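S.K.: Build me a model from this:
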Amino acid sequence: MIIHVNLKSIARKSRSVKPAAYEIPGCPATVRELILAVTEAGVREYNERLDHPLLSCLTKEEIENKARAGRIGFKVNYGEKKAELFAAQENAIQCFQDGIYRIFLDGKPLEELEETVSVTEKSEFTFVRLTMLAGRMW
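M.R.: Residues are numbered from 1 along each chain as shown. Below you'll find the predicted structure:
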């Protein structure tokens, strides 16, 4: 199944949402299964980039977007260490429980790991990574 995911980090200077499509096995029934499947797809994509370091070209629009964000670069992994699926999945579950990121299904927040989800090819997920504020309030 292919699911559509919007990725957003509040910390990004570009303030843009990056759409992505992930191919996942089966159809997740709970938030936990969704997180595990999306993490597996992300790890697979990351490891494939390590195996196939191709020179990519950036369009003018991509260069402008990256310049606004403060960094222009290719999707190159400079380290050679592959991601470990089990560790990444454990981390993704823990981060969800700790409130490091939020997940929305068609605009509705998903709150609990065992919450049931109804996923179709038209479903749209949004993952928002939250940034903790640093500093003191006087």
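
S.K.: And the next helix or strand past the helix or strand of the chain with the lowest mean pLDDT?
M.R.: Lowest mean confidence among the helices and strands of the chain (mean pLDDT, DSSP states H and E): helix 60-69, at a mean of 74. Using DSSP states H and E, the next helix or strand after helix 60-69 towards the C-terminus is helix 85-98.

S.K.: ok, the strand ranked longest in the chain: who's next to it in the sheet?
M.R.: Ranked by number of residues, the top strand in the chain under DSSP state E is strand 2-9. When pairs are called by DSSP bridges, strand 2-9 turns out to pair with strand 18-23 (antiparallel), strand 124-129 (parallel).

S.K.: mean pLDDT lowest for which of those strands?
M.R.: The weakest mean pLDDT among the strands paired with strand 2-9 belongs to strand 18-23, with a mean of 84.

S.K.: Going by contacts, tell me the helices and strands next to the lengthiest helix in the chain.
M.R.: Assignment by DSSP state H gives helix 31-51 as the longest helix of the chain. Based on contacts counted as 3 or more Cβ pairs under 8 Å, 6 or more residues apart in numbering; DSSP states H and E, the elements that helix 31-51 packs against are strand 18-23, helix 85-98, strand 101-105, strand 124-129. In this view, the C-beta of every residue, glycine as well, is placed from N, C-alpha and C.

S.K.: Flag every buried residue along stretch 21-41.
M.R.: Residues of stretch 21-41 classed as buried by neighbour count (16 or more other Cβ atoms under 10 Å): 22, 24, 28, 31-41.

S.K.: Mind picking the lowest-pLDDT entry from the residues you listed?
M.R.: Taking pLDDT as the measure, those have their low point at Y22 (87).

S.K.: dump the residue contacts of it.
M.R.: Applying Cβ atoms under 8 Å, 6 or more residues apart in numbering to Y22 gives the contacts I2, I3, V5, A37, V38, A41, G42.

S.K.: Just give me the closest of these to A87.
M.R.: Using Cβ to Cβ, the shortest approach to A87 within the contacts of Y22 belongs to G42, at 12.7 Å.

S.K.: ok, the closest one - how many residues close by?
M.R.: The number of residues packed near G42 is 19, by other Cβ atoms under 10 Å.
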